[in-house]
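Q: just need the structure, nothing else, for what follows:
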Amino acid sequence: MRTVVVVHTGPATVQPIKQQFQQILPDVRVVNIMDDSLLNDVIAAGHLTEAVTGRIFSYMQLGQQMGAVALLNACSSVGEAASAVRAAISIPIIKIDDAMAELAVASGPRIGVVATVRTTLEPTVRLIKAKAAAAGRSIEVMEALAEGGFQALLDGKPEVHDDIVKRTIQSLADKVDVIVLAQVSMARLIPSLTDLRVPVLSSPQSGVEAVRDALASRH
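A: Below you'll find the predicted structure:
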């Protein structure tokens, strides 16, 4: 059985990604490495740090040593760290939000990005702009921070988190062609957003599909 190692920066991403693996790659053994100090340190610093990048590299190396055929980075806040260590790792490193960003760029020129953490908002916007540049497309990105949502999740109040995020999404819906949810932890809201006139994209499904595609290309 092939092994994929997923590197998480908090517990909120473990279950949504596990569910996608069960649906999309049920024959793959998933090993989770979770270090919640990574995201906490990025939030405290206000940006990705060298120390966090170093730890991401250590976990990616560890995943490779465990016999993984691919690595999945589950957090957009440290996505740029995953990109930075790719050259030193001999197996594919897939970023959870890469495919989502490409889909967003293809969906229209006005892209809304919603996050509950500012340190996730900024790298997600940079990623989308990089994908647009690579595709030769001109885009406009509108950012919206769901203030208090992340803390509500940490406080064990998911319904408060969901309400804050939904209201933030709705505030963008009339101004954009597509909305991107910058964090895996928001993906579970998708089924309750059917009344919006624009598509809402989340990363767990497209991220795991990207893992599937990477594995298929290695056969």
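Q: shaky segments in this structure?
A: 219 (pLDDT under 70).
Q: what about the helices in the protein?
A: Ranges of helices within the chain are 14-24, 37-45, 50-65, 79-85, 98-107, 118-135, 149-154, 158-172, 203-217, based on DSSP state H.
Q: export these to TSV and tack on distance to L193 and mean neighbour count?
A: Where you see a C-beta, it was placed from the backbone N, CA and C, and this is true even at glycine. Converted to TSV, the helices of the chain look like this (distance: least, CB to CB, whole Å; neighbours: other CB atoms under 10 Å):
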stretch	distance to L193	mean neighbour count
helix 14-24	16	17
helix 37-45	25	17
helix 50-65	31	17
helix 79-85	24	20
helix 98-107	15	21
helix 118-135	18	19
helix 149-154	15	20
helix 158-172	7	18
helix 203-217	15	20
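Q: so what's E140 closest to, chain neighbours aside?
A: In space, and not counting its chain neighbours, E140 is closest to R110: 5.2 Å by CB to CB, 6 or more residues apart in numbering.
Q: ok, back up a step: so which of the helices of the chain comes closest to E143?
A: helix 118-135 (5.5 Å; CB to CB).
Q: pretty sure D36 is one of the things P11 touches, is it not?
A: Yes: proximity of P11 to D36 meets the contact threshold set by CB atoms under 8 Å, at 6.9 Å.
Q: can I get the helices of the chain in CSV including distance to R188?
A: Output for the helices of the chain, formatted as CSV (distance: least, CB to CB, whole Å):
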stretch, distance to R188
helix 14-24, 7
helix 37-45, 18
helix 50-65, 25
helix 79-85, 21
helix 98-107, 15
helix 118-135, 16
helix 149-154, 11
helix 158-172, 8
helix 203-217, 9
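Q: nearest to I91, of these?
A: helix 50-65 (5.7 Å).
Q: and of the helices of the chain, who's closest to L196?
A: It is, among the helices of the chain and with distance given as CB to CB, helix 158-172, at 7.2 Å.
Q: many thanks, have a good one.
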